[in-house]
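> Sequence and predicted model, in that order:
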Amino acid sequence: MKYVVCVPDGCADEPVGDLGGRTPLEAAQMPVLDALAARGEVGRAAVIPDGMPPGSDVGNMAILGYDPATFHTGRAPIEAAALGLRLDPDQVAYRCNLVTVGADGTMVDFAGGHPTSAQAHPVIEALQAELGGDGVAFHPGVEYRHIMVAPGEWADATCVPPHDLSDKPAVGPAGPAAPHLQRLMDASRDIVSGFGLTANQIWLWGQGFQPQMQDFSQRYGVRGALCSAVDLVRGLGVLTGMDVVDVDGMSAGYDTDYAAQRDAALAALADGTDLFLIHVEATDEAGHAGNVAEKVTALERWDELILRDLVDGLDRLGPWRLLLLPDHATPLHLKTHTPDPVPYVLVDSEHDGPGGVYSEPGVADAPVVPGHELLGRLLARD
């Protein structure tokens, strides 16, 4: 038996006026997904436990079958793991975004104009040269997403994710560690602005100590792998001992090579991997941008470029089971995440389920399942 988990990041939404009151999932032309839903089990999952921040770190941890209420310590240490950073017990990691803050103090762009990694890395190197030391270190990541490691006593702060502040006042950190963080954010302006990018400073948030997570194969008895262009998803793979597959053409933007990610999954499964997770960021990026057309297009690319040939390829490999769901909702009108339950579909190639419609209204009356329990159900261990 082969297993596939598909994560169209942030694809769940709310009714959109430009779509005639439909959600993107309702408006997108997705015949393969429709057919899978018609033969599978469709329902609702709480991938974000009550009281936890509705981020991809929490949601993807739940999708991988680890209860975030038990294992989650923060977003940044997961991304740090993806960069090969192992934190000492007395070190805390912060996510370090390159952002654009307007002269009026408004968060203009939480992604700082989406610089390439090649453009961003010299900025992080300059930050390290000017502001690093005394336990503080800046580490280059991907595009606008980077990591700062600091002394553990700097962990006590309340920080607002920059994507929650889009077009709003850029409210800085609070709490005992806030002066340290604000000093670095303020000092970064002269450094970042000197590189001619849209970004004009850093934003520190998502802090935590590195979590201790059980090896995936020991926990579930199967060999797992994943592909994602997003460090926090890759970091979860590192922390759980899954194979993290690099894919040429894979990106965290609208231009990712969907077909290449599909082919990487099929190749790994044919080579002995039991379970493969495909994560694509494009739907979430569109949600943060409030871009209705791109969100619909990204869903349709999932259907045409991943699901269609993925199902055919799985059929050639033998029996299979597939789970598809987002890690959270990213409503277009809010431009940020919400903790609302999301639709899921679970399909078994050998046994038809009750069938249903994969959309937010289609599962509105379904009972809510804890998100971290779905992986066990996928593996038929419920």
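Alright, I've got the coordinates.
> From now on I want contacts and neighbour counts done on CA atoms only, so please keep to that.
Noted.
> Can you name the residues bridging to the closest residue to residue 74 other than its chain neighbours?
The shortest distance from residue 74 to any non-neighbouring residue, by C-alpha to C-alpha, 6 or more residues apart in numbering, is to residue 208 (4.3 Å). Counting by DSSP bridges, residue 208 is bridged to residue 93.
> Show the contacting residues for residue 208.
Counting by C-alpha atoms under 8 Å, 6 or more residues apart in numbering, residue 208 makes contact with 73, 74, 75, 76, 77, 92, 93, 94, 155.
> Quick check: the farthest pair among the residues you listed?
Across the contacts of residue 208, the longest distance by C-alpha to C-alpha is 12.5 Å; it joins 75 and 155.
> quick revisit: per-residue confidence for the residue nearest to residue 74?
pLDDT recorded at residue 208 is 95.
> Relative to residue 76, how far out is it?
6 Å (C-alpha to C-alpha, to the nearest Å).
> Mutual contacts of these two, please.
By C-alpha under 8 Å, 6+ apart, the residues touching both residue 208 and residue 76 are 93, 94.
> low-scoring pLDDT stretches of the stretch 1-150 of the chain, where are they?
Applying pLDDT under 70 to the stretch 1-150 of the chain flags no residue at all.
> What ranges does it have for its helices?
Secondary structure of the stretch 1-150 of the chain, counting by DSSP state H, counting those that start in this stretch: helices at 24-27, 31-39, 56-63, 68-71, 76-82, 117-131.
> Mind listing what's buried along stretch 282-299?
282-290, 292, 294-299 (16 or more other C-alpha atoms under 10 Å).
> Relative to residue 146, which of the residues you listed is nearest.
Taking the buried residues of stretch 282-299 together and measuring to residue 146 by C-alpha to C-alpha, the closest member is residue 285, at 17.2 Å.
> Spit out the contact partners of the closest one.
Contacts of residue 285 (C-alpha under 8 Å, 6+ apart): 253, 254.
> in which helix or strand would I find it?
helix 282-289 (DSSP states H and E).
> list the helices and strands the helix or strand following that helix packs on?
Using DSSP H and E, the next helix or strand after helix 282-289 towards the C-terminus is helix 292-301. Packed against helix 292-301 by the contact rule (3 or more C-alpha pairs under 8 Å, 6 or more residues apart in numbering; DSSP states H and E) you find helix 24-27, helix 282-289.
> surely residue 352 meets residue 39?
Yes - using C-alpha atoms under 8 Å, residue 352 is in contact with residue 39, at 5.1 Å.
> Give me the more crowded residue out of those two.
residue 39 (19 against 14; other C-alpha atoms under 10 Å).
> Name all residues that make contact with that one.
So residue 39 contacts 347, 352, 353, 354, 355, 356 (C-alpha under 8 Å, 6+ apart).
> Closest one of the residues you listed to residue 14?
When the contacts of residue 39 are compared against residue 14 (criterion: C-alpha to C-alpha), the nearest one is residue 356, at 19.0 Å.
> Could you pull up the residues touching that closest one?
Contacts of residue 356 by C-alpha under 8 Å, 6+ apart are 37, 38, 39, 40, 41, 42, 362.
> same thing but at 10 Å, please
34-43, 345, 362-363 (C-alpha atoms under 10 Å, 6 or more residues apart in numbering).
> Show me how this structure divides into domains.
Using automatic domain parsing, the domains assigned to the chain come out as 2-72+213-378, 80-208.
> Export the contacts of residue 39 as TSV, with columns for pLDDT.
What follows is those, written out as TSV (pLDDT from 0 to 100):
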residue	pLDDT
347	98
352	96
353	96
354	96
355	97
356	97
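> if you look at the residues you listed, which of them are in strands?
Using DSSP state E, the subset of the contacts of residue 39 located in strands is residue 347.
> For the helix holding residue 285, what is the distance to the chain centroid?
11 Å (C-alpha atoms, centre = their mean, to the nearest Å).
> give the contact list for the residue of the chain positioned farthest from its centre.
Residue farthest from the centre of the chain, counting by C-alpha atoms, centre = their mean, is residue 134 at 31.5 Å. By C-alpha under 10 Å, 6+ apart, the contact list for residue 134 reads 150, 151.
> Flag the shaky bits of the stretch 151-300 of the chain, pLDDT-wise.
Applying pLDDT under 70 to the stretch 151-300 of the chain flags no residue at all.
> So for residue 75 and residue 155, which residues contact both of them?
By C-alpha under 10 Å, 6+ apart, the residues touching both residue 75 and residue 155 are 93, 94, 206, 207, 208, 209.
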